[in-house]
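Novice: Task: produce atomic coordinates for the following.
(chains A, B, C and D)
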Protein chains: 4
Amino acid sequence: MQLGLVGLGRMGFNMRERLRAAGHEVVGYDRNQEVSDVASIADLANGLTGPRIVWIMVPHGEPTKQTITALAEVLSEGDLVIEGGNSRFTEDQANAALLAEHGVKYVDVGVSGGVWGATNGYGLMAGGDAADIERALPIFDALRPEGPREEGFAHAGPVGAGHYAKMVHNGIEYGLMQAYAEGFELLAASEVVTDVPATIKAWSRGTVVRSWLLDLLVRAVDEDPELQKLRGYVSDSGEGRWTVEESVRNAVPTPVMTAALYARFASRQDDSPAMKAVAALRNQFGGHAVETNEG
Amino acid sequence: MQLGLVGLGRMGFNMRERLRAAGHEVVGYDRNQEVSDVASIADLANGLTGPRIVWIMVPHGEPTKQTITALAEVLSEGDLVIEGGNSRFTEDQANAALLAEHGVKYVDVGVSGGVWGATNGYGLMAGGDAADIERALPIFDALRPEGPREEGFAHAGPVGAGHYAKMVHNGIEYGLMQAYAEGFELLAASEVVTDVPATIKAWSRGTVVRSWLLDLLVRAVDEDPELQKLRGYVSDSGEGRWTVEESVRNAVPTPVMTAALYARFASRQDDSPAMKAVAALRNQFGGHAVETNEG
Amino acid sequence: MQLGLVGLGRMGFNMRERLRAAGHEVVGYDRNQEVSDVASIADLANGLTGPRIVWIMVPHGEPTKQTITALAEVLSEGDLVIEGGNSRFTEDQANAALLAEHGVKYVDVGVSGGVWGATNGYGLMAGGDAADIERALPIFDALRPEGPREEGFAHAGPVGAGHYAKMVHNGIEYGLMQAYAEGFELLAASEVVTDVPATIKAWSRGTVVRSWLLDLLVRAVDEDPELQKLRGYVSDSGEGRWTVEESVRNAVPTPVMTAALYARFASRQDDSPAMKAVAALRNQFGGHAVETNEG
Amino acid sequence: MQLGLVGLGRMGFNMRERLRAAGHEVVGYDRNQEVSDVASIADLANGLTGPRIVWIMVPHGEPTKQTITALAEVLSEGDLVIEGGNSRFTEDQANAALLAEHGVKYVDVGVSGGVWGATNGYGLMAGGDAADIERALPIFDALRPEGPREEGFAHAGPVGAGHYAKMVHNGIEYGLMQAYAEGFELLAASEVVTDVPATIKAWSRGTVVRSWLLDLLVRAVDEDPELQKLRGYVSDSGEGRWTVEESVRNAVPTPVMTAALYARFASRQDDSPAMKAVAALRNQFGGHAVETNEG
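Specialist: Numbering: from 1, shown residues only, chains lettered A, B, ... in the order given. Presented below is the predicted three-dimensional model:
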């Protein structure tokens, strides 16, 4: 089927390839004209036969808001917008409402898989009305991995549910990564286990901890057994924070997800003000404190 | 090849099947004569042609110690004992030393895979001398999953390294399980995601969080979407505690593994003495306290 | 000096007493006419000679908003409103802006001390313009504990800073309470320490952990040595959550404050959905799972 | 009364002063002859009239063990040894047994207060037989702070209970310090609170968080408002680790104490191997990974 696609960065670019390989007709727009099929969002709308479907794949926040606003101007009654970026679930209601003023439908989709999705397919979680989601199924089928549809795609609930599901997915992801990472550090600290890379690789099959993330860790350790080339400095992209905020809002204890997020925060501090305060306290009740306080 | 196997509980019984299916000759001993091939450990030793290999698969602690002691009496110079149970890595040195007095070699193996190992094969991590491990490779090859040997088996280091690796494996496992569990609770608490089982199932392919544990969670939620039939009461088997103790010993911060362990502790408390104390404190500085204190 | 006081609940009622005892003239208003000095907020405004000062001490959220709105109607240019309740610091800007439209000044004050403040005095943290705070100093001096002013009162910063400081104060409070509570539980679990109440009481003087909260714990344990009369069920009042949200917003790792908050969340769950999920996972890779899955 | 004192480091030296000021006769021994009253432990024993009491105040572990062994040689039936150092409670049984072979009694005492104890007195928690503790009460009374005995001294239980109580005390101490430290960091990160030192000082009286540790933090921030002169590098002395190990042993969840310990561990790492692993994982599923993996 025919699809407009706004945003041809790493993710959007790959998705256009995958959709075209599946036989769909994709009109892509990006501010970067080198990769764009059309010159403007208006051209994109004009290049599609109604009722149109337009997938958004731009950074969350302001860029997504601007794209929604721009699409509201050029789309018409009965068209459908699919927000596939990393929006916070709380923004989907506003997006849907704005488009609804123009009779345009809205579906939000959480997309997982990173750069590997281009070949493996993407895990998809969608929120919206059943009819709208039904209509876009051929697109979802092209993007999701091969195998039974329900193992790579879900209609998670009404508008917002797709991004909510993706948010929780990422919270889990933080926890999983931190669990493997702590295991790696313990093995590395051990004087008993002498072949850490072989040990981790041996977890690839048959064990309880086997997973795709483990496979990636095996790759990383194959390339650089002690991970010497990397700094232990880890960014966070928003979903991890939203997950903690959502767990606080719902009074759901999430110690593992939160510990994983805080470990990232700490990894980015040159020096910890909190630990300065602990050092100061120890200094105060230890002996030297008294001496300096006498001065 | 020929192998003695002490302990034919759920794990040992399955392993005997898998080894025999691979063409090995297994003489199994268990206190439960219904499943045992021989009447005693002495008979087991007599039933094997030297140099013998005997695999131990009994509960850790006292039972393993007793088996090691019994085997030391009936085995001879050049025989090999493989401790495949859940011993703590700190016990392996003593086991090896006791057997070494009789010229018997010792290898420790961490085994992962649960009941699924019978069909999928077991992930194996071994500790000991290279020559001893080399000698037992046909056994390891029969037990491990199909595929490249290094993806289901590792020689992790000297004696103790197999159980150390398994300990860390289980620490990671605790963290992974808790991460998924927190995600499940957040989804269940959400008023936005209305189809939790479908959402979790959609993570099976293409996503960053796909794993064998996720597949098991999908199965569990398929059977009982709200997990109503289960109590949130979770035991811990030792390795999780040892992992935390080892991280404390090595000054390795493991917030995720530890949070997962503590969540299990808390799950088993009818009421928390600590939270009684917090309630008492709030009571003291809140108004009612003053009233009752006046009495 | 003269002061209007809106809200004569437990805190406001005590504060009126303390202010009057210090020689101030207080006109109090409460919806509960039994404790109120005047019939309405309008009467309260009329009962004061301008330029007026009115202190708000009502529950945060809607009640505070309504009081601010009502005061904006009846106060005049040059009057001053002091918001002494538990507002979130993010609400102070809006409060100040609304009042500023009528030329009314705004100061926010975080108040600590609970019911004990009536006799001990309250710890006060204020946010606002220096001139406005200067003007209210006699009020602050009457409410704060005896001793040097700076040990019980601070001008923490511009509007919002008072409630921000109180929020952090409460986050710390959560952490302190949980620390003592965990210590209590460990002592109670110990087979070595046989006199827990005496042990805790002995920490009252000379030790590093001595504090007012410890004194309260001593009182609680004096009354009920095993805290048998209490359930380990602990509410949270908002500030603890805001502190965690603020730490997430600022990428400040606060593992202790957050753990204390999550322990409260968990204390209120009859059964933990997350721990059901962990139990389900263990069940899946344990033996019984296979049996039931066959069906 | 008369007392032998082995170990005249910072703590022991101060204690000798305090005991003498209270009218007790103290014979002190230290390897450092400059501060020692006698040349050897034998001389110390000879300098006391039986039945003797000897207080040990040397570093825990090997030095304490050696001192116990040496005292066992020179003391006699009916003498009493008080171990006031930082021994782990698990070592007290062995100490008591060794001395019992010579008819020498044993009491263990946890001592809190740091350098401030010299003037304020020390918080004391004792373990041992009632008769032995009764006998040493004049010593305890001289060392503890003024005020009711039970507010600075407890007979916590049998041998080991004194050090157990001190261990828990220190676990709490870690949690308290971390709670204040996190609050300090949040205030420092805030764009709203502009006077952090004044805010913290205002918590000194009337607030729920007032404590001796807070007073020390006020002092530290008075001297160095942003704690710029200190590195956020914090040692741990053993008791914090033992507390976590003991909580694991007793299945008592202690998230706050443990988080405080782990924050110290992390503060001492130049770079975190675990966070390298997380960075590696992100790298693997991000775009650059694919590029480098192609090579």
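
Novice: For the stretch 1-150 of chain A, what lies in contact range of chain D?
Specialist: A:10, A:114-116 (CB under 8 Å from any CB of the partner chain). C-beta here means a position set from N, CA and C on the backbone, and glycine is covered the same way.

Novice: Turn these into a markdown table, columns for neighbour count, pLDDT and distance to C:Pro273.
Specialist: Putting those into a markdown table (neighbours: other CB atoms under 10 Å in any protein chain shown; pLDDT from 0 to 100; distance: CB to CB, whole Å) gives the following:
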| residue | neighbour count | pLDDT | distance to C:Pro273 |
| --- | --- | --- | --- |
| A:Arg10 | 14 | 91 | 36 |
| A:Gly114 | 23 | 85 | 29 |
| A:Val115 | 18 | 88 | 34 |
| A:Trp116 | 20 | 92 | 31 |
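
Novice: Tell me how many other residues crowd A:Lys105.
Specialist: A:Lys105 has 24 neighbouring residues, counting by other CB atoms under 10 Å in any protein chain shown.

Novice: so it bridges to which residues?
Specialist: Assessed by DSSP bridges, A:Lys105 has beta-bridge partners A:Leu80.

Novice: Can you tell me how far it is from chain D?
Specialist: Remark: distance between A:Lys105 and chain D (CB to the nearest CB, to the nearest Å) = 32 Å.

Novice: A:Trp203 too?
Specialist: Computed as CB to the nearest CB, the A:Trp203 to chain D distance reads 14 Å.

Novice: Spit out the contact partners of that residue.
Specialist: Contacts for A:Trp203 (CB atoms under 8 Å, 6 or more residues apart in numbering or on different chains) come out as A:209-210, A:214, A:218, B:112, B:123, B:169.

Novice: now A:Asp108
Specialist: A:Asp108 neighbours (CB under 8 Å, 6+ apart): A:82-84, A:87, A:89, A:92, A:95, A:126-128, A:159-163.

Novice: Return only those of these found close to chain B.
Specialist: A:89, A:127, A:160-161.

Novice: Which residue ranges of the stretch 1-150 of chain A form strands?
Specialist: A:2-6, A:25-29, A:53-56, A:80-83, A:105-112, A:123-127 (DSSP state E, counting those that start in this stretch).

Novice: Low-confidence regions, chain A specifically.
Specialist: A:287-295 (pLDDT under 70).

Novice: domain ranges for it?
Specialist: A:2-158, A:167-267 (automatic domain parsing).

Novice: what's the most buried one of these?
Specialist: Among the domains of chain A, domain A:167-267 has the highest mean neighbour count (mean count of other CB atoms under 10 Å in any protein chain shown), at a mean of 23.

Novice: Please export the alpha-carbon coordinates of stretch A:121-134; CSV is fine.
Specialist: Extracted C-alpha coordinates of stretch A:121-134, given in CSV (Å, rounded to 0.1, in the frame of the first residue of the first chain):
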residue,chain,number,x,y,z
GLY,A,121,12.2,-6.4,11.7
TYR,A,122,11.0,-4.2,14.5
GLY,A,123,8.9,-5.1,17.5
LEU,A,124,5.8,-2.9,17.4
MET,A,125,3.3,-1.9,20.1
ALA,A,126,0.3,0.2,18.9
GLY,A,127,-2.3,2.4,20.5
GLY,A,128,-5.4,3.7,19.0
ASP,A,129,-8.8,2.7,17.6
ALA,A,130,-9.1,-0.9,16.3
ALA,A,131,-10.3,0.3,12.9
ASP,A,132,-7.3,2.6,12.5
ILE,A,133,-4.9,-0.1,13.5
GLU,A,134,-6.6,-2.6,11.2
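
Novice: can you give me the offset of it from its chain's centre?
Specialist: For stretch A:121-134, the separation from the chain centroid amounts to 16 Å (computed by CA atoms, centre = their mean, to the nearest Å).

Novice: closest point of the stretch 1-150 of chain A to chain D, which residue?
Specialist: Nearest residue of the stretch 1-150 of chain A to chain D: A:Gly114, at 3.9 Å (CB to the nearest CB).

Novice: which helix is the longest one in chain A?
Specialist: helix A:161-189 (DSSP state H).

Novice: That helix and chain D, any residue contact?
Specialist: Yes - judged by CB under 8 Å from any CB, helix A:161-189 and chain D are in contact via A:177-178, A:180-182, A:184-185, A:188-189.

Novice: Max pairwise distance over those residues: which two?
Specialist: Greatest spacing in the residues of helix A:161-189 next to chain D, by CB to CB: A:Met177 and A:Ala189 (18.6 Å).

Novice: so how far is C:Ala259 from the closest residue to A:Ala161 other than its chain neighbours?
Specialist: Computed as CB to CB, 6 or more residues apart in numbering or on different chains, the closest residue to A:Ala161 that is not its neighbour in sequence is A:Gly127, at 3.3 Å. The spacing between A:Gly127 and C:Ala259, counted by CB to CB, to the nearest Å, is 32 Å.

Novice: repeat for A:Thr49
Specialist: Applying CB to CB to A:Thr49 and C:Ala259 gives a distance of 57 Å.

Novice: Who are the packing partners of the helix or strand just after the longest helix of chain A?
Specialist: Later in the chain than helix A:161-189, the nearest helix or strand by DSSP states H and E is helix A:196-201. For helix A:196-201, the packing partners by 3 or more CB pairs under 8 Å, 6 or more residues apart in numbering or on different chains; DSSP states H and E come out as helix A:161-189, helix A:212-223, strand B:153-157.
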